[in-house]
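Chemist: build me a model:
(2 chains)
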Amino acid sequence: DTGVSQNPRHKITKRGQNVTFRCDPISEHNRLYWYRQTLGQGPEFLTYFQNEAQLEKSRLLSDRFSAERPKGSFSTLEIQRTEQGDSAMYLCASSLVKLRGLYNEQFFGPGTRLTVL
Amino acid sequence: EDQVTQSPEALRLQEGESSSLNCSYTVSGLRGLFWYRQDPGKGPEFLFTLYSAGEEKEKERLKATLTKKESFLHITAPKPEDSATYLCAVPLIYNQGGKLIFGQGTELSVKP
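Modeler: Sure, this is the predicted structure:
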């Protein structure tokens, strides 16, 4: 399977614990995005990487959230001291951007469903 | 403010009953509009990209069209397997990052 993969698919944790999610993008894609989606809403942007550089973070991304993409390959999203409000589906997407100003489609992974008790 | 709005929020159809979903947007300098399909508990699945007003794309029973202010997803003779949430999204360009702004989605239910 050459699509975007995410692990784990589901995570249940207690409030105050730390959690880490992993995303493996499509291998030739140079951009990687993280989004968060709550029930009945469209995905909301969190952050994105161009190769290994993190170029933008949303205001939604508090200091408890950190993301990395070492060597421009897979990415991790860590949430420290989880709160019940962090419960959501965390989605990863990747795209291949060749031309400046032309935005190619983003391909999404299956998501990680986080439940904070 | 950049915004994407979809209507209706939910749509119930009988099998074979054609209809359209709407996506209106207010962004400066549109650089594409994307349609996705999302099944419960799964990530969005890419359907179409539209780049300019007047453009149309088709895939099986789905056809997407784009004007300067909105996009339509036309569903012709839908089947129960077309039941899903349909999302539209536009990329923001001010920082050249291309992050997507999504609408809230239209939940489509097709009954046999």
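Chemist: got any ranges where the chain has weak pLDDT?
Modeler: You didn't pick a chain, so chain A it is. The model of chain A has pLDDT under 70 over residues A:1, A:99-103.
Chemist: that answer is for a different chain, and I need it for chain B
Modeler: Within chain B, the stretches with pLDDT under 70 are B:93-97.
Chemist: strands of that one, start to end?
Modeler: Under the criterion DSSP state E, chain B contains strands at B:3-7, B:10-14, B:19-26, B:33-38, B:45-50, B:56-59, B:62-66, B:70-75, B:84-91, B:100-102, B:106-111.
Chemist: show me what from chain B comes close to chain A.
Modeler: Within chain B, the residues that sit near chain A (CB under 8 Å from any CB of the partner chain) are B:4, B:31-32, B:34, B:36, B:41-46, B:49, B:87, B:89, B:91, B:93, B:95-105. Quick note: C-beta positions are derived from backbone N, CA and C, even for glycine.
Chemist: just the buried residues from the residues you listed, in PyMOL please.
Modeler: The buried residues among the residues of chain B next to chain A can be selected in PyMOL (16 or more other CB atoms under 10 Å in any protein chain shown) with this line:
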select buried, chain B and resi 4+32+34+36+43+44+49+87+89+91+93+97+98+99+100+101+102+103+104+105
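Chemist: out of the strands of chain B, nearest to A:Lys11?
Modeler: Nearest to A:Lys11 among the strands of chain B is strand B:33-38 (19.9 Å), distances taken as CB to CB.
Chemist: that older thread, of all the strands of chain B, which one is nearest A:Arg69?
Modeler: When the strands of chain B are compared by CB to CB, strand B:100-102 sits nearest A:Arg69, at 18.3 Å.
Chemist: who does the closest one pair up with?
Modeler: Strand pairing for strand B:100-102, determined by DSSP bridges: strand B:84-91 (antiparallel).
Chemist: centre of the chain to the strand it pairs with, how far?
Modeler: Centroid separation between strand B:84-91 and its chain, computed with CA atoms, centre = their mean, to the nearest Å, is 5 Å.
Chemist: sorry, back to before: save the strands of chain B as TSV, and put in distance to A:Asp63 too.
Modeler: Formatted as TSV, those follow (distance: least, CB to CB, whole Å):
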stretch	distance to A:Asp63
strand B:3-7	28
strand B:10-14	37
strand B:19-26	31
strand B:33-38	30
strand B:45-50	33
strand B:56-59	42
strand B:62-66	40
strand B:70-75	37
strand B:84-91	27
strand B:100-102	24
strand B:106-111	35
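Chemist: which of those strands sits closest to A:Asp86?
Modeler: It's strand B:100-102; of those, that one is closest to A:Asp86 (CB to CB) at 19.4 Å.
Chemist: what sits up against that closest one?
Modeler: Here strand B:100-102 makes contact (CB atoms under 8 Å, 6 or more residues apart in numbering or on different chains) with A:33, A:35, A:42-45, A:93, A:106, B:2-4, B:27, B:34, B:87-92.
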